[in-house]
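Asker: A structural model of the following input is requested.
(chains A, B and C)
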Amino acid sequence: MSYWLMKSEPDEISIDDALATPNLPWFGVRNYQARNFMRDGMQVGDGVLFYHSSCPEPGIAGVAEVVSTAYPDDTQFDPKSKYYDPKATQENPRWMMVDVRALRKTRLLSLQELRTVDALADMVVLKKGSRLSITPVTAAEWKTVMKLLDKK
DNA sequence: GCCAACGTTGGC
DNA sequence: GCCAACGTTGGC
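Answerer: Down below sits the predicted model:
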């Protein structure tokens, strides 16, 4: 059982959109490290912090869980998709994704607030220059975030 | 829109 | 295998 933080642009898919989609395929990841986390690290039942990025108020907006292991992301084969990858083939898919189920919308735990929490100082997503859309979260960090989400 | 901090590409 | 040039992410 592991924990993750997954970024989504709310303009594309918000926590509300995710709640309306029982099994949300996490398509469009085009970064090897993020792909490897999904392919090699994620298991069904893993906890996910649903993070809104590239928006007026970036931060954790909900909680989700992983509901499938990794399988090929079909958008890589579609020339019309903005996620099309001409170097990917059906025989040799390059990009993988998992399905995610949103469990609940939470209060917005903003990036600003996250940065004030000592217990979260080492969170990968808070590291300077971190642009990874999928990052691991430790059990201790998860616990801390759950407590913070219940506050207020 | 700016730009720091990456990641990727491709010539050599 | 190096590394300059280029592309992307994402907070501000």
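
Asker: which other helices and strands does the longest helix along chain A contact?
Answerer: Counting by DSSP state H, the longest helix found in chain A is helix A:139-150. For helix A:139-150, the elements it packs on are strand A:3-8, strand A:47-52, strand A:59-66, strand A:99-110, judged by 3 or more CB pairs under 8 Å, 6 or more residues apart in numbering; DSSP states H and E. Glycine gets a C-beta too; all of them are placed from N, C-alpha and C.

Asker: can you show me the CA trace of the third one as CSV?
Answerer: Right, strand A:59-66. Extracted in CSV, the C-alpha atoms of strand A:59-66 (Å, rounded to 0.1, in the frame of the first residue of the first chain):
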residue,chain,number,x,y,z
GLY,A,59,-3.4,22.8,-3.9
ILE,A,60,-4.9,19.5,-2.7
ALA,A,61,-8.6,19.4,-3.6
GLY,A,62,-9.6,15.9,-2.9
VAL,A,63,-8.8,12.3,-2.1
ALA,A,64,-8.8,9.4,-4.5
GLU,A,65,-7.6,5.8,-4.9
VAL,A,66,-5.9,3.8,-7.6
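
Asker: which positions within stretch A:60-68 qualify as buried?
Answerer: A:Ile60, A:Ala61, A:Gly62, A:Val63, A:Ala64, A:Val66, A:Val67, A:Ser68 (16 or more other CB atoms under 10 Å).
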